[in-house]
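K.L.:
take a look and give me a structure for this.
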Amino acid sequence: MYYAQARNAAKAEIRKAVRDYERIAKQAKRNPKAFYKKDYKYVNSKLKTRSSVADLRTDDEKVISCDTEKANVFNEFFSSVYTVEDVVNMPAKLEVLYNSS
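P.N.:
Below is the predicted model of the structure:
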């Protein structure tokens with residue numbers, strides 16, 4: 001019984017703290033400089049984007065961490081899975097007539 005009460009009290013405190021923090025975040029429109037100075041870590045933790053590509057491992061188990069090398073590996077892979085279209089011998093555009101009767 002004591003565990004459940006302690007757990008519920010802890011959850012309530014956590015919810016209250018998050019609610020207070022998010023209230024501060026809403027006030028950022030009025031005073032953004034003060035907010036970002038103080039709470040930049042919090043804002044970044046809420047962002048879902050990642051700024052870099054993780055290290056890559058090639059077929060021969062080589063780890064690639066340089067951004068230029070990563071770009072080259074991706075380029076090599078994607079250029080191998082896509083085909084080059086023959087734009088000279090494209091089929092003619094067919095006229096489609098709609099009968100609205």
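K.L.:
pLDDT at Ala25, what is it?
P.N.:
At Ala25, the model reports a pLDDT of 70.
K.L.:
where's it relative to Ser45, distance?
P.N.:
11 Å (CB to CB, to the nearest Å). All C-beta spots, glycine's among them, are computed from the backbone N, C-alpha and C.
K.L.:
buried ones in stretch 57-66, by neighbour count?
P.N.:
Ile64 (16 or more other CB atoms under 10 Å).
K.L.:
any idea how far the residue lying closest to Asp55 once chain neighbours are set aside is from Arg57?
P.N.:
Of all residues beyond its chain neighbours, the one nearest Asp55 is Ser65 (4.7 Å), with distances taken as CB to CB, 6 or more residues apart in numbering. According to CB to CB, Ser65 and Arg57 sit 10 Å apart.
K.L.:
likewise Arg23?
P.N.:
Using CB to CB, which is the criterion applied here, Arg23 is 44 Å from Arg57.
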